[in-house]
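Peer 1: Okay, here's the prediction I keep looking at, along with the sequence it came from:
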Amino acid sequence: IAIGEHCPELRKLNISKLTIPLTHLSLLALSEHKLIEELDIPMIPIPTSDIAVCCERTLSRISRLNWSTTEPIEGTIYSLEHMKSLRNLSITGQVPVESALSGLSAVARHCPQLQSVDFPVLTDAVLQQLIALSSSMPALRSVHLSAAAALTDAMLIALSEHCPQLTSITISDSPLLTDTGVIALSVHCCRLISITFKNCPLLTDESFIALSERCQRLESIQLHHIPQVTDKTILTFLQNNHQYLYWLTLPQNCQVTEAAVVELVQRCRALSSINVPTTGLSEMTRQQLLAYRQNQYNGCEKLFIFRD
């Protein structure tokens, strides 16, 4: 209430970490604040009829939501059904399956501007629901699929076909995913600029060569625990992505050689951070590369080289 009275120019407000419940009175005060463009708040309980219009007016302006596991499903569905401007949805904790399914359905029906979805853990049922509903989320730009053990090539193909505007994707702990799914992703989502793959043991150079060739504006490439990556991937990045690539992480257990890393660092001027396994780069070579970049670009192009 005090914010509404004393901060008339306020445009963004994040109170998602409140340790006390957000009351309807607070929402009523926020609904009167005309300039707020971005609200980040927790779910609310279903309001009484006398203030429902004001609550719905506030909800309709929310663009970012952190969905907590502690919130009742009735309030969750009510909130989502009125978040017409929602663009970013982040789930904190492990939401019960039934709640997640109902929530996803509400998002697909009522949040046409949704651009980003971040799930910490995906059960089989929730993952299947997300893929099925992705056709109703054409504006989706970013998807974070953590612990997606049930993710298959067919699912990733469907997601990429439904959401060709994707610019960022994170997939982790997906033992069933193969090059077939990732190659399809590269075909349908050529606007990708950020990719992260972690613990996807069946992926090979073919996946990343396809992504590099078709997504030539890649800026961030994060690969973790993918043992079949070799120099072929590095040289393809060098050929296709040298102009924009600024952040690269290579798997600890990959088969990349020091020579490939050296060539990449020397020729990718935009590169500002690279993380390589100790087996792929000696400390002496690391120091030599830093000195090379310092001399080559007069210290104007900062570079951080990490060895894990």
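Peer 2: Ah, there it is. Residues are numbered from 1 along each chain as shown.

Peer 1: Can you show me the helices along the stretch 151-300 of the chain?
Peer 2: 153-162, 179-188, 205-214, 231-240, 258-267, 283-296 (DSSP state H, counting those that start in this stretch).

Peer 1: pLDDT averaged over the last one - what is it?
Peer 2: This points to helix 283-296. For helix 283-296, mean pLDDT is 82.

Peer 1: Just tell me which of the helices of the stretch 151-300 of the chain ends up closest to Ile274.
Peer 2: helix 258-267 (6.5 Å; C-beta to C-beta). (Glycine included, C-beta is placed from N, CA and C.)

Peer 1: chain center to that closest one: distance?
Peer 2: Centre-to-centre, helix 258-267 and its host chain are 28 Å apart (C-alpha atoms, centre = their mean, to the nearest Å).

Peer 1: Outside of it itself, list whatever touches it.
Peer 2: The contact list for helix 258-267 (C-beta atoms under 8 Å, 6 or more residues apart in numbering) reads 231, 234-235, 237-238, 242, 248, 250, 271, 274, 276, 280-282, 285, 289, 292-293, 296, 303, 305.

Peer 1: hmm, 6 Å instead?
Peer 2: Asp231, Ile234, Leu238, His242, Val276, Gly280, Leu281, Thr285, Leu289 (C-beta atoms under 6 Å, 6 or more residues apart in numbering).

Peer 1: Stretch 164-174 too?
Peer 2: So stretch 164-174 is contacted by 141-149, 151, 188-189, 191-200 (C-beta under 6 Å, 6+ apart).

Peer 1: Sort out which of these are buried, if you could.
Peer 2: By neighbour count, with 16 or more other C-beta atoms under 10 Å, the contacts of stretch 164-174 hold 141-149, 151, 188-189, 192-200 as buried.

Peer 1: Now, the residues you listed that are in strands?
Peer 2: Mapping the buried ones among the contacts of stretch 164-174 onto strands (DSSP state E) picks out Ser142, Val143, His144, Leu145, Ser194, Ile195, Thr196, Phe197, Lys198.

Peer 1: Adding pLDDT and distance to Phe119, write those residues out as CSV.
Peer 2: Below are those laid out as CSV (pLDDT from 0 to 100; distance: C-beta to C-beta, whole Å):
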residue, pLDDT, distance to Phe119
Ser142, 94, 12
Val143, 93, 9
His144, 91, 6
Leu145, 90, 6
Ser194, 97, 17
Ile195, 97, 17
Thr196, 97, 14
Phe197, 97, 16
Lys198, 96, 14
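
Peer 1: Now that we have these, can you turn them into CSV and tack on distance to Ile131?
Peer 2: As requested, these are exported to CSV (distance: C-beta to C-beta, whole Å):
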residue, distance to Ile131
Ser142, 16
Val143, 10
His144, 14
Leu145, 10
Ser194, 21
Ile195, 18
Thr196, 19
Phe197, 18
Lys198, 19
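
Peer 1: Nearest to Ile91, out of the helices of the stretch 151-300 of the chain?
Peer 2: Of all these, helix 153-162 comes closest under C-beta to C-beta, at 17.2 Å.

Peer 1: Ile91: what secondary structure?
Peer 2: Assigned by DSSP: H, G, I helix; E, B strand; the rest coil, the conformation of Ile91 is strand.

Peer 1: Nearest residue to it in space, please, no chain neighbours.
Peer 2: Excluding the flanking residues, the one nearest Ile91 by C-beta to C-beta, 6 or more residues apart in numbering is Trp67, at 4.7 Å.

Peer 1: quick check, that neighbour in a strand?
Peer 2: Yes - looking at Trp67 with three-state DSSP, it is inside a strand.

Peer 1: how about the helices of the stretch 151-300 of the chain in a markdown table, adding distance to Leu10?
Peer 2: Compiled in a markdown table, those are given as follows (distance: least, C-beta to C-beta, whole Å):
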| stretch | distance to Leu10 |
| --- | --- |
| helix 153-162 | 37 |
| helix 179-188 | 40 |
| helix 205-214 | 41 |
| helix 231-240 | 43 |
| helix 258-267 | 45 |
| helix 283-296 | 43 |
